[in-house]
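Novice: everything below, folded, please.
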Amino acid sequence: MRYLFLADAVLVVHALYVIFILGGLIMILLGAGPGWQWVRNFRFRILHLAAIIVVALQSWMEIICPLTTLEMYFRQKAGQPAYRETFVAHWLHELLFYEAPFRVFNLAYTIFALAVFGAWLLIPPEIPWKKQAKG
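Specialist: Numbers count the residues shown, from 1 in each chain. All right, here's what the predicted structure looks like:
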């Protein structure tokens, strides 16, 4: 039971990571117009850019996501075959995982990384050391 809980916990973390990447870009784009200051926060923007770069690089290097690997390990330890899971796990998997050739994911992750980088250029974060120099 403990391993099943750990597998589901890793899946939730994985889903939150995806939400951070997708939702982060959406919020940056939506928040630029009305002037939401937090979307220009340097730490947030660095973490956001780094998060998608990690995903894109893993894809290009054909490395399976460590969160997926860890979740599958815990599921096997719980006596479950990979991707035969609880209710929460089932629906999170439906949202996170798709059947497609690897190159489709390479392209999707790369395009998304470029979109995040483009948002960085179009809606630049406030650089903390530049802000202090103005004051």
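
Novice: got the end-to-end distance for stretch 27-44?
Specialist: Using Cα to Cα, to the nearest Å, one end of stretch 27-44 lies 12 Å from the other.

Novice: mind listing what's buried along it?
Specialist: By neighbour count with 16 or more other Cβ atoms under 10 Å, stretch 27-44 contains the buried residues 28, 39-40, 44. Placement of C-beta: from N, CA and C, glycine included.

Novice: where does P34 land in three-state SS?
Specialist: Using DSSP: H, G, I helix; E, B strand; the rest coil, the three-state assignment for P34 comes out as coil.

Novice: distance of it from I21?
Specialist: 22 Å (Cβ to Cβ, to the nearest Å).

Novice: beyond the helix-or-strand element of the chain with minimal mean pLDDT, next helix or strand please.
Specialist: Sorted by mean pLDDT, DSSP states H and E, the helices and strands of the chain end with helix 87-96, the least confident at a mean of 65. Heading C-terminal from helix 87-96, the first helix or strand you meet, by DSSP states H and E, is helix 102-122.

Novice: quick one: low-confidence parts of this structure?
Specialist: 82-92, 131-135 (pLDDT under 70).

Novice: let's see it at 80
Specialist: Applying pLDDT under 80 to the chain flags the ranges 80-102, 130-135.

Novice: on that earlier part again, and which of the buried residues of stretch 27-44 is nearest N106?
Specialist: Closest approach to N106 among those (Cβ to Cβ): I28, at 23.5 Å.

Novice: pull out the buried residues from the host helix or strand of the closest one.
Specialist: Using DSSP H and E, I28 sits in helix 2-32. Neighbour-count burial for helix 2-32 flags 4, 6-8, 10-11, 14-15, 17-18, 21, 24-25, 28 (criterion: 16+ other Cβ under 10 Å).
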